[in-house]
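J.: What follows is a predicted structure for the sequence shown.
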Amino acid sequence: MLNTIRKILREKNVLSLSTSILTAALGLLGFLLLTRGLDKSMFGDWVLYTSLATFVDLLRFGLTSTALVRFASGGNNDQKKAYLGASFKIGLLVIGAIVIVLWSMFFITSSLQIQMNNGYYLFLKWYPILAILNLSWNNSVSYFQASQNFKSILFIRLLNVGSFVLFLVANNLFFRFGIIEILYAHLACNLLPSILVFIKKWDGLLYINRATKETVAEMLNFGKFSMGTLVGSSLLRSADTFIIGLSPILGSVGIAQYAIPLKLTDLLGIPLRSFTVTAFPKMSKLSLDGKLEEFKKVFYSYSGAVTFLFVPIAIGGFIFAEPLVWLLGGDQYKDSLPLLANIFRIFSIYSILLPIDRFTGVALDSINRPKLNFYKVIVMTSANIIGDLIAVFVFQSLQAVALVTVVFTLIGIVIGYTYLNREIRVNIMQVANGGLIFFKNLRRHL
């Protein structure tokens, strides 16, 4: 029995899933504390600030993270250090550009007294500092993903998220600080893991001198498309919040309301994120080794397995939507409970479509076709933004915004499958069979 438990805990998919679950659980606890510690308007400002920060984080690390995972998943130790140093060097250059652009915009908007949502002001002023503080630990996480060292990833993420949650608990019990003090704490909690990885030489800062023109160029060439893909993917989730924030009718309160079912949907995506983290380096290695048939089997098994996992979770979310929304939002959102529950039911349908859409993108990146994945995401993002503008400014409906999400995901599945089929001849009907084989093999290992 103990040997079986040890095997389960050492399995990479389980370690990756554990990291996602623990991080998401702490993130959920932090979300609960914030909804109860801030009023609706202030919480909406916080959601807008963090959504913008997440979006630009994906832009920054999209340029280097996916490339680092792909290129550092093979090669010798010296080559890996060269790529790690190149990734950090590119990250520093990007931060320099961000500081100039955002603080210039903050100075201009402040000087001209341009009126905008407070969340936008917070972002322009404070994100450059956050970008400096979180560079080291994010770079090390990408490197550990390439080597599939999920124990180290778990520790780094727990240090980051766990310290912030501890602050929020203390704040709700004793201090009752406002949004600015919470923002200061958030910055400090990003500094902690960065100090650790610098001391351990995990971040790449000390390997910048090993970065050659060739490694930097190689990463940028790959990263320019993966960055576009990740930015587009982020916009698929964040455009809703950004556009709602522009509405004079929905505004910060609308952002706060929409954030609750959206957060529940993020929880549904825990298995997806953990499986893509393990699938990408595995599929990349098979692609680099020219093992195309094995590559297809991995694609089918992961796509099918995660889809099967999502079905019962989505059904449960659909049935118990109201109590789940109330549990997350609290009594402050009781008056809008039916609306938020319906939004979450729409998201439950969307979650079943996600695995195939996501894994077609992972497969395209793994076979070194990031350009095609980029095109796919651009079409999806364009459809999402146009749909959101109509939903917010014509229908003034949060439910319509959620429905747009289902539509663009269906579009993504069709485009992604079409591109992938052109490259390696895949059969979408094999996804279900691949999922069944995955669970049979897992049972055999146990």
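T.: All right, it came through fine.
J.: How is the chain partitioned into domains?
T.: Using the TED database, the domain parsing of the chain gives 1-225, 247-444.
J.: Let's test this: mean pLDDT of the shortest one, rounded?
T.: Yep, that's domain 247-444 we're talking about. The average pLDDT for domain 247-444 rounds to 87.
J.: next one: the longest one
T.: For domain 1-225, the mean per-residue pLDDT is 86.
J.: Give me the buried positions along stretch 278-293.
T.: For stretch 278-293, a neighbour-count test (16 or more other CB atoms under 10 Å) marks T278, A279, F280, P281, K282, M283, S284, K285, L286, S287, L288 as buried. All C-beta atoms are positioned from the backbone trio N, CA, C, and that covers glycine.
J.: Output those residues as JSON lines; include the columns distance to I244.
T.: Compiled in JSON lines, those are given as follows (distance: CB to CB, whole Å):
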{"residue": "T278", "distance to I244": "34"}
{"residue": "A279", "distance to I244": "33"}
{"residue": "F280", "distance to I244": "32"}
{"residue": "P281", "distance to I244": "36"}
{"residue": "K282", "distance to I244": "38"}
{"residue": "M283", "distance to I244": "36"}
{"residue": "S284", "distance to I244": "37"}
{"residue": "K285", "distance to I244": "41"}
{"residue": "L286", "distance to I244": "41"}
{"residue": "S287", "distance to I244": "39"}
{"residue": "L288", "distance to I244": "42"}
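J.: Switch these over to JSON lines; also include distance to L124 and secondary structure.
T.: Below are the buried residues of stretch 278-293 laid out as JSON lines (distance: CB to CB, whole Å; DSSP: H, G, I helix; E, B strand; the rest coil):
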{"residue": "T278", "distance to L124": "37", "secondary structure": "helix"}
{"residue": "A279", "distance to L124": "37", "secondary structure": "helix"}
{"residue": "F280", "distance to L124": "33", "secondary structure": "helix"}
{"residue": "P281", "distance to L124": "36", "secondary structure": "helix"}
{"residue": "K282", "distance to L124": "40", "secondary structure": "helix"}
{"residue": "M283", "distance to L124": "39", "secondary structure": "helix"}
{"residue": "S284", "distance to L124": "37", "secondary structure": "helix"}
{"residue": "K285", "distance to L124": "41", "secondary structure": "helix"}
{"residue": "L286", "distance to L124": "44", "secondary structure": "helix"}
{"residue": "S287", "distance to L124": "41", "secondary structure": "helix"}
{"residue": "L288", "distance to L124": "41", "secondary structure": "helix"}
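J.: Farthest-apart pair in the residues you listed, please.
T.: T278 and L288 (16.6 Å; CB to CB).
J.: Which other helices and strands does the helix or strand containing G317 contact?
T.: Assessed by DSSP states H and E, G317 sits inside helix 292-319. On a contact count with 3 or more CB pairs under 8 Å, 6 or more residues apart in numbering; DSSP states H and E, helix 292-319 meets helix 251-268, helix 270-288, helix 337-366, helix 398-424, helix 430-445.
J.: Let me have those helices in CSV, adding distance to F310 as columns.
T.: Listed next are the helices and strands packed on helix 292-319 as CSV, based on distance: least, CB to CB, whole Å:
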stretch, distance to F310
helix 251-268, 7
helix 270-288, 7
helix 337-366, 5
helix 398-424, 12
helix 430-445, 11
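J.: I315: which of these is closest?
T.: helix 337-366 (7.6 Å).
J.: between the closest one and helix 398-424, how big is the angle?
T.: On the basis of axes from the mean of the first three to the mean of the last three CA atoms, to 10 degrees, helix 337-366 is oriented at 20 degrees to helix 398-424.
J.: mind listing what's buried in helix 337-366?
T.: 337, 339-366.
J.: How about stretch 308-318?
T.: F308, L309, F310, I313, A314, G317, F318.
J.: Nearest to L124 among those residues?
T.: The nearest one, if we look at these relative to L124 and count by CB to CB, is G317, at 35.7 Å.
J.: mind listing the strands for the stretch 1-150 of the chain?
T.: Counting by DSSP state E, counting those that start in this stretch, one finds no strands in the stretch 1-150 of the chain.
J.: can you pull out the helices in it?
T.: Ranges of helices in the stretch 1-150 of the chain, per DSSP state H, counting those that start in this stretch, are 2-10, 12-37, 40-62, 65-72, 77-111, 118-146, 150-170.
J.: Identify whichever of those helices lies nearest to I255.
T.: That would be, of the helices of the stretch 1-150 of the chain and by CB to CB, helix 40-62, which comes in at 3.9 Å.
J.: and the closest one, what other elements does it pack with?
T.: Secondary-structure packing of helix 40-62 (3+ CB pairs under 8 Å, 6+ apart): helix 12-37, helix 77-111, helix 118-146, helix 179-199, helix 213-246, helix 251-268.
J.: could I get those as TSV with mean neighbour count and distance to I385?
T.: Converted to TSV, the helices and strands packed on helix 40-62 look like this (neighbours: other CB atoms under 10 Å; distance: least, CB to CB, whole Å):
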stretch	mean neighbour count	distance to I385
helix 12-37	19	25
helix 77-111	17	21
helix 118-146	22	17
helix 179-199	18	28
helix 213-246	20	5
helix 251-268	23	16
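J.: can you list those helices in TSV and add distance to V165?
T.: Putting those into TSV (distance: least, CB to CB, whole Å) gives the following:
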stretch	distance to V165
helix 12-37	5
helix 77-111	26
helix 118-146	17
helix 179-199	9
helix 213-246	22
helix 251-268	15
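J.: follow-up on the earlier one: now whatever helix or strand comes next after the helix holding G317 - C-alpha only, PDB.
T.: Remark: after helix 292-319, the chain's next helix or strand is helix 321-329, criterion DSSP H and E. The C-alpha trace of helix 321-329 is given here as PDB (Å, rounded to 0.1, in the frame of the first residue of the first chain):
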ATOM      1  CA  ALA A 321     -24.000  26.800  -9.400                       C
ATOM      2  CA  GLU A 322     -25.900  29.000  -6.900                       C
ATOM      3  CA  PRO A 323     -24.400  27.600  -3.600                       C
ATOM      4  CA  LEU A 324     -20.900  27.700  -5.200                       C
ATOM      5  CA  VAL A 325     -21.300  31.300  -6.200                       C
ATOM      6  CA  TRP A 326     -22.700  32.300  -2.800                       C
ATOM      7  CA  LEU A 327     -19.800  30.400  -1.100                       C
ATOM      8  CA  LEU A 328     -17.200  32.300  -3.100                       C
ATOM      9  CA  GLY A 329     -18.800  35.800  -3.100                       C
END
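J.: sec struct for the residue nearest to K296 when sequence neighbours are not counted, please.
T.: The shortest distance from K296 to any non-neighbouring residue, by CB to CB, 6 or more residues apart in numbering, is to V426 (6.1 Å). Using DSSP: H, G, I helix; E, B strand; the rest coil, the structure places V426 in coil.
J.: Against R210, how distant is L327?
T.: Applying CB to CB, to the nearest Å, the value for L327 to R210 is 50 Å.
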